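Asks: Provide a 3D model corresponding to the input given below.
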Amino acid sequence: MGSVLVARLDSMGDVLLAGPAVRAVANGRLADGRRPNNVVLLCGRDGEAAAGMLPGVTEVCSWDSPWIMNPAPALTGPHAEWLIDYVRNSRVTEAVILTSFHQSPLPLALLLRLAGVERITGASTDYAGSLLDIRLKPGEDFPEDQPEAERALGIATSAGFRLPAGDDGRLRLSSVPNTGPLVGGEPYVVVHPGAAVPARAWPPLHHAATVELLQGAGRRVVVTGGPAETSLTATVAGPSALDLGGRTDLRTLAGVMAGADALITGNTGPAHLAAAVGTPIACLFSPVVPAIRWAPYGVPLELMGDQDAECRLTRARVCPVPGHPCLDSVSPEDVVAAVERLIGGVRSFSTHASTRRKAWNR
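Replies: Predicted structure coming up:
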């Protein structure tokens, strides 16, 4: 049995960005020349739902990583042994470990070696010894300032896995449900106001004002959010927008995104979900992480927010600058204008410049 394990131990958005790399692995060949007949995607619990939606994945393994999860589970013998036994029983012979620039593949590589995995690929700034068979050195073997989807695909390609002919390397889902009965048949714009951390959130009343302006311009608005965000979505939707807060699982949310003319959201997992179904995005992007790496990939994009603000590249979860100027300086009128450009197919030069700028060399 030729099983390959692809690891992306982070959240939903990170798993979606790994999609092109997963398709490359599913299309490629093992070291012995055989095609893999089983592609296992190893992820954390926050990425499990997204993992099951990626083309090329035949099996999903959810495991809480002690060096990725926050809060982190204890690394006990039984916790590590569960993963080792799973990998051994799945007869995984090769593994591709996908990481971001600030993460190391080595803890997972050690566990995979103990499980008997013969060939492991990853990108590591640290000496990997016998833990990696193919070690890419960030900054030497590939540039660090590139979209995360391209970084992941590059790691997979270095292991000999390539996309099939005709695959453009964009994000993709295996299937998307028809959500017409849920949202109705008229065109609409989605507003997703929630964010996983406060540093990436635009004020709720700014969102609410944007909804009012869109409706005043004749746009129908659908507001989305998770079960814990129903108070937020109710505030943003007001009396007349369709409030779907707490009413969609991830697959249904993908269908809602797929039917939209555009999405308004922050630097969130749903932004990458919308990119995976090809929806244009007005993204309120806090520069605590670089847009060149983490902006929505492969779709028409309006990047909103001051990318040169003092919080730039801090990776802060709570804004370190009083007043949150990177996002609070964006007005609802700015966002509505961005949506109109997206729907009208007008390219934003400022967005292109912001996402392609070499953030580390300024």
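Asks: what residues go with each domain of this protein?
Replies: As given by automatic domain parsing, the domain ranges for the chain are 3-158, 180-361.
Asks: can you add mean pLDDT and distance to R172 and give those domains back as CSV?
Replies: All C-beta atoms are positioned from the backbone trio N, CA, C, and that covers glycine. As requested, these are exported to CSV (pLDDT from 0 to 100; distance: least, Cβ to Cβ, whole Å):
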stretch, mean pLDDT, distance to R172
domain 3-158, 94, 6
domain 180-361, 92, 6
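Asks: could you point out which of these sits nearest P164?
Replies: domain 3-158 (4.5 Å; Cβ to Cβ).
Asks: for that closest one, measure first residue to last.
Replies: With Cα to Cα, to the nearest Å applied, domain 3-158 spans 18 Å between its terminal residues.
Asks: before we move on, back to that, figure out which of the domains of the chain is closest to D167.
Replies: domain 3-158 (6.3 Å).
Asks: who touches the strand or helix carrying V222?
Replies: Taking DSSP states H and E as the definition, one finds V222 inside strand 221-223. By Cβ atoms under 8 Å, 6 or more residues apart in numbering, the residues outside strand 221-223 that reach it are 183, 188-193, 211, 214-215, 233, 236-237, 241-245, 256, 260.
Asks: among the residues you listed, which are in strands?
Replies: 189-192, 242-243 (DSSP state E).
Asks: pull the most distant pair out of those.
Replies: Counting by Cβ to Cβ, the most remote pair of the ones in strands among the contacts of strand 221-223 is V189 and D243, 14.1 Å apart.
Asks: neighbour count for these two, which is higher?
Replies: V189 (27 against 20; other Cβ atoms under 10 Å).
Asks: what's near enough to touch that one?
Replies: 214, 219-222, 260-264, 339.
Asks: can you give me the strands for the chain?
Replies: 3-7, 38-43, 59-62, 92-97, 119-123, 134-136, 189-192, 221-223, 242-243, 262-266, 281-284, 301-304.
Asks: return the most buried member of those.
Replies: Among the strands of the chain, strand 281-284 has the highest mean neighbour count (mean count of other Cβ atoms under 10 Å), at a mean of 30.
Asks: now do that strand: which elements does it pack against?
Replies: strand 262-266, helix 269-276, strand 301-304, helix 332-344 (3 or more Cβ pairs under 8 Å, 6 or more residues apart in numbering; DSSP states H and E).
Asks: how much space separates V189 from A241?
Replies: 9 Å (Cβ to Cβ, to the nearest Å).
Asks: what sits in contact with each of those two?
Replies: Counting by Cβ under 8 Å, 6+ apart, the residues touching both V189 and A241 are 220-222.
Asks: nearest to L106 among those?
Replies: So of these, ranked by how close each gets to L106 (Cβ to Cβ), first place is V222, at 43.7 Å.
Asks: okay if I get the shared contacts of V189 and A241 as CSV plus distance to R312?
Replies: Below are the shared contacts of V189 and A241 laid out as CSV (distance: Cβ to Cβ, whole Å):
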residue, distance to R312
R220, 36
V221, 31
V222, 32
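Asks: from those residues, pick the one nearest L205.
Replies: Scanning these for proximity to L205, where the rule is Cβ to Cβ, the winner is V221, at 15.3 Å.
Asks: who is that closest one paired with across the strands?
Replies: V189 (DSSP bridges).
Asks: show me where the stretch 101-250 of the chain has its helices.
Replies: Ranges of helices in the stretch 101-250 of the chain, per DSSP state H, counting those that start in this stretch, are 106-114, 148-158, 180-183, 204-216, 230-237, 250-258.
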